[in-house]
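1. Everything below, folded, please.
(chains A, B, C, D and E, ligands or ions: 4)
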Amino acid sequence: MTFDINVILDQLPAITRGAGVTILIWIVGTIAAAILGFFVAVGRRFGGMLLDKALGFVVAVLRGTPFLIQIFLVYYGGPFIGLSLDPLPAGLIGISIYGAAYYSEIFRSGFMAVPKGHIEAGECVGLTQWQIIRRILLPEMTMLVLPPSLNMAVLLMKETAVLSIITVGELTATLSAIGAQQYAFVEALSALALFYWVLVEITGRLGRLVETKYARFRFHNA
Amino acid sequence: ADTLAAVKEAGTLKVGTETAFAPFDFIDAGEHAGLNVDLFAEIGKELSVKIEWVALPWDGVFPALEAGKFDVVAGPATITKKRMERYRFTPPIAEATIAILKKAGDTTISKPDDIAGKTIGVGKATSQLDQLKEFAAMLPSKVDVREYPAFTESYADLAAGRIAGVANSLPNIAFVAKQREGTFEVVLPPFGKKSYFGFIGLKDADHAPLMDAIDAALLKIKADGRMAELQKKWFGATFETPDAVKDPAF
Amino acid sequence: MTFPAIAVKNLVKKFGDTTVLQNIDLEIPQGQVSCLIGPSGSGKSTLLRCMAFLEEATSGTITVNGEILGFTENTKGLRERVAPAANRAIRAQVGMVFQQFNLWPHMTALGNVSEALKTVRKMSRKDAEERAMAQLVKVGLEARAGHYPSQLSGGQQQRVAIARALALKPKIMLFDEPTSSLDPELTGEVLNVMRDLATEGMTMVVVSHEIGFAATVGQQIAFLDHGKIVFTGPPKEVFRKPRNARLEQFLDTYLDRGASMLL
Amino acid sequence: MTFPAIAVKNLVKKFGDTTVLQNIDLEIPQGQVSCLIGPSGSGKSTLLRCMAFLEEATSGTITVNGEILGFTENTKGLRERVAPAANRAIRAQVGMVFQQFNLWPHMTALGNVSEALKTVRKMSRKDAEERAMAQLVKVGLEARAGHYPSQLSGGQQQRVAIARALALKPKIMLFDEPTSSLDPELTGEVLNVMRDLATEGMTMVVVSHEIGFAATVGQQIAFLDHGKIVFTGPPKEVFRKPRNARLEQFLDTYLDRGASMLL
Amino acid sequence: MSIKLFELLLYASIYTVLISVVSILIGFAIAIFLSGMLLSRRTVFVVPAQIFISFFRGVPLLVQLLLIYNMLPAIGLNVPSIVAAIIGLSLCTAAYQAENMRGGFASVPVGLVESAEMVGLTSGQIFRRIKAPIALRLTFPALVNEAILILKASSLVSVVGVVELTRMAQDLAGSTFLPLQIFAAAGLIYLAINWMVALSGDIIERSLPGLPR
Ligand SMILES: Nc1ncnc2c1ncn2[C@@H]1O[C@H](COP(=O)(O)OP(=O)(O)OP(=O)(O)O)[C@@H](O)[C@H]1O
Ligand SMILES: Nc1ncnc2c1ncn2[C@@H]1O[C@H](COP(=O)(O)OP(=O)(O)OP(=O)(O)O)[C@@H](O)[C@H]1O
Ligand SMILES: [Mg+2]
Ligand SMILES: [Mg+2]
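-> Ligands and ions are numbered 1, 2, ... in the order given. Have a look, this model is predicted:
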């Protein structure tokens, strides 16, 4: 089997750019997804039954179909309904919305895990609903939602690879182009594997670090 | 070991390909069809072996070829200098010179030069991209070239109106235009330097006898007019192709 | 004109189809300790939670120092919602202490007590913490101000919860079985704090299984059974000559065991 | 020769550096009810768990009906581990009932009680369920055999837990605060079952805050404080004329409240 | 879009379901094993399990599949496409499921184990009869979630030559040049499958006895 490391080294600037795009979309997209997901969860928890049902349906559709198909339909079908987005914004928005569906579920289970009494205690001392969400629910469930959130971040990282289909020049697109141009597929895939593995490992380590830091916020009952 | 001997002994030639490359290789109403299927059927006759197809996405084809999952790759691929460094190509089976696909009824493009100043889509990392860029450099105003992971997406974006045209090899876009009459149209003539499609195999000594045999079979098929007949069937036209490409234009 | 601290009028509370409270009428006098007793599931917690407006009553009214909480009934008998801000203002007069303490685990004792002072009363951090500290001193926990709930014993946690409610200077304190998740010895700590509050003249409503506490500290005792108040009166009447069969049976469980203590 | 049901000799238990039990000597007489009382954190649970071999003692020995549990000390004073199978055989004579019930949530009441009969005693499914049913009848739960723990009240759950332990026909039953996670009224159910067992002459060790129960049913009472047994004796001695200052103070908490009940 | 095309998509979705279901089940068995290794607290077991999990969670599934399909022949195992696809998906989901299960086992209240010890169950019996069923009950929702993720991720197995739903959609888009209609149809089929999975998950979960509290 041919394995020529120079194929990769020669293209290092392009690969670095691709990796940059991947990391950018991943980080910005994940943060946006978490924030959006949080508001969806808040809407479902506090917004009444109708909003809960409506958002629940949207979340089910987003979670039930592959991201590839969603992004394809929105990007290439969008212009027919007057929604014409450029690749990068489309990719960012797509990742954020797709991820938000998952994050909303994580936050929802987080909300449910906070004992109802802690919320009532807040109501009793006169905190408004929003103050309760911000000062009690959010910090209290941090410890609980952290592990699944990081898991989700890793899943989203891998989903960014799908964005090549709408011509976003992220790492998978860059490397498979190099593979195709020079027919150096093995080299390209090895580089791809290494990059994602390292990034996932770093995320995992970081997560464990944060987890230990937050470990003192233990639930004393429940 | 000598792969030709192995193939003969097994009685089957395994061919890897991608099935989203009409009209060479595609799924027509559930059936695997295209020029490749017919052409390899002839090659099979010449070598007196059966053909076994292995369909993979393009990204998976070459790792599998190297792993010995099959003996040769159909595809086909445009014969280029870079690719010839790593793999061996058969004699050309069709012309790969590019032309423009536009939206039906678009009067602003009537000849290749009209793409100046417009946005044109093309497959990423393809030789068609290189051909388009070379042609565009000679035009008076800049062409905005947009690269797609596969041509399917560029056609989708042409339909969506994000781009004014797609540059691809004539056989491919001729087929697209025929399939979606009223949506797409081909702008003739093709332009740029001539290039050709060939099948791909491994360069090593083990595969040399097999590749030689396939080359010989193809040349025979071409010589007795079967190739032209098949080209007519799938492209509606025939191509003048050299017997071998020693020094590709790209 | 003086109002009762809390007046419950014709209160009905249903959960779905099941009626949990039936036509409750009850007045909580100012400056006294009122105790709610009754068997499990009789509706004590629900009644208390209605007083704190943690549950919306199905019908009937609750007034706190003369002001209507949650809903008013207009002349046509339809219920109209009181504005949330007005509700919060009325509720600010009521402090609640839960059986499960319900301290916020991500804040220290001081944080728990000062939180509402900062976010609701908009006090500066310094002032809020000063006042919170004073409350912690009152319940004897100045040394534990910096501890997280998980680092405190149950009795200490419950005292923090009391301090948290007291910090807002409520006129009325509601207690839902404040000692029943505590060990008997820890119970003592909390009962002592409550006894102090009673002596200071705080209006208190206590749901309690601590019949001993009810008998010594309570000035009014209400006995609930199956969502109805079957008996109200001063402790002496309740414990000395219960005239209600159900109440008598209920007290027997305790007295049985109470008596055996003195063997 | 008759042995004490359980004999604890010179038992020391440390968790890391902190000594939780210090040189405990205690004999549990056959066929009697012994109660362990004492303030929270005094080591009652730990001592009981050592008797059940749920904790390994740091030093000292525990014998059950004359057989040594867990470790022996050889002539050189070194500890040698007893074979696990031998341990299980000795432990089979001991049943334990936990404060938190610890019923297995994925099995019905009948499943909980019959599980060990099937897997440990290798009884046929039919025989096991028959015997389990008999136990459930004994604790008054025949009607609930098919219910899952989540469908039972706390008192019922605890009675299933007792039936589970009894099904193996242990010679000794250990109870760790069997009623303290129950409502006062539910407590009655469980105490009645225990009282029945006592009348039948079952050897029982009960860690309890139910001083009333201890006083009426207990035949021997041991008072622990800070990991030491500071007092043992029959209930009369303990409750009538406590000679130990710490014990006196401890009992005061109860008597105070007990007395007030009779007002 | 014609009925014929939709039928082709439906037919391809059989592979999607088949491969996913088989992989989830095999992955489940491997995951029990892995979580046992993780919980053993013995370095010789823990470290290999951690490396396994790190690899199969960290490296993109696409690459894993290519490795299995193309590297196994090098050690003399020339596996057919569908087997390679199942091996790849199984190992990948095993890594994720093992993490879930570890959490599940760790959340089994220690008191339930102690009460089993008290009635004389051996540690093997405790694992089989007490810990495993409770842990599985606790992780069941995560398992349903994982099933849906795998159903979606199974679109990647086309890289080793299995024509499942997504690949069929791409193939058909490449011959009919009607990608929007075909992808929308494929999306609906995915949605229907996953909706059924979620629904049966709900029903099963509700029929399971209560959780430990
Ligand atoms: N959210 C709810 N939904 C449905 N029924 C409820 C709800 N909350 C309470 N109940 C029911 O209302 C009845 C009264 O409950 P409540 O908690 O007020 O009783 P309690 O007197 O406080 O009992 P305990 O002494 O056990 O605390 C019970 O039968 C209970 O099952
Ligand atoms: N696993 C452990 N590790 C460290 N310390 C422990 C552990 N278990 C118990 N302790 C400590 O041992 C002491 C005795 O605990 P134990 O539970 O036996 O007390 P107890 O008398 O049963 O108290 P309670 O009445 O509150 O149940 C306590 O100080 C406790 O903090
Ligand atoms: Mg209550
Ligand atoms: Mg204890």
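
2. can we go C-alpha only for contacts and neighbour counts from here?
-> OK.

3. Could you pull out the strands in the stretch 101-250 of chain C for me?
-> Using DSSP state E, counting those that start in this stretch, the strands found in the stretch 101-250 of chain C span residues C:172-176, C:203-207, C:220-225, C:228-233.

4. Hmm, I typed the wrong one, I wanted chain B.
-> Along chain B, counting by DSSP state E, strands occupy B:12-17, B:20-21, B:25-28, B:31-33, B:50-55, B:72-78, B:88-89, B:94-95, B:98-103, B:119-123, B:144-148, B:165-169, B:184-191, B:196-201.

5. Would you mind saying which of the ones you listed lies nearest ligand 1?
-> For these, proximity to ligand 1 was assessed by Cα to the nearest ligand atom; strand B:144-148 is nearest, at 56.9 Å.

6. Apart from its chain neighbours, what residue comes closest to residue C:28?
-> residue C:6 (5.0 Å; Cα to Cα, 6 or more residues apart in numbering or on different chains).

7. how near is the one you found to chain E?
-> 37 Å (Cα to the nearest Cα, to the nearest Å).

8. returning to what we had before: relative to chain E, which of the strands of the stretch 101-250 of chain C is closest?
-> Closest of the strands of the stretch 101-250 of chain C to chain E is strand C:172-176, at 22.0 Å (criterion: Cα to the nearest Cα).

9. Identify the neighbouring strands of the closest one in the sheet and state each direction.
-> strand C:94-97 (parallel), strand C:203-207 (parallel) (DSSP bridges).

10. Flag the shaky bits of the chain, pLDDT-wise.
-> This is for chain A. Filtered on pLDDT under 70, chain A yields the residue ranges A:1-2, A:214-222.

11. Chain E was what I was after
-> Using pLDDT under 70, the flagged stretches of chain E are E:1, E:210-213.

12. Let me see the ranges of the strands in it.
-> Assigned by DSSP E, chain E shows no strands.

13. Spatially central residue in it, please.
-> residue E:24 (3.4 Å; Cα atoms, centre = their mean).

14. residues in contact with it?
-> By Cα atoms under 8 Å, 6 or more residues apart in numbering or on different chains, the residues touching residue E:24 are E:89-90, E:93-94, E:147, E:150.

15. Pick the one among these closest to ligand 1.
-> Ligand 1 lies nearest to residue E:147 out of those, by Cα to the nearest ligand atom, at 33.7 Å.

16. Just name the shakiest helix or strand of chain C by mean pLDDT.
-> Ranked by mean pLDDT, DSSP states H and E, the weakest helix or strand in chain C is helix C:245-262, scoring a mean of 59.

17. And the residue of chain E that's closest to ligand 2?
-> For chain E, Cα to the nearest ligand atom, closest residue to ligand 2: residue E:110, 11.6 Å.

18. ok, so what distance separates residue B:148 from chain E?
-> For residue B:148 relative to chain E (Cα to the nearest Cα), the value is 14 Å.

19. May I ask you to confirm that that residue is in contact with residue B:155?
-> No. Contact criterion Cα atoms under 8 Å: residue B:148 and residue B:155 do not qualify, at 9.6 Å.

20. higher neighbour count, those two?
-> residue B:155 (28 against 24; other Cα atoms under 10 Å in any protein chain shown).

21. Leaving out the residues flanking it, which one is nearest to the spatially most central residue of chain B?
-> Residue closest to the mean C-alpha point of chain B, counted by Cα atoms, centre = their mean, is residue B:76 at 4.2 Å. Spatial nearest neighbour of residue B:76, chain neighbours left out: residue B:199 (5.0 Å); criterion: Cα to Cα, 6+ apart.

22. So what's the residue count around that neighbour?
-> So residue B:199, with other Cα under 10 Å, has 24 neighbours.
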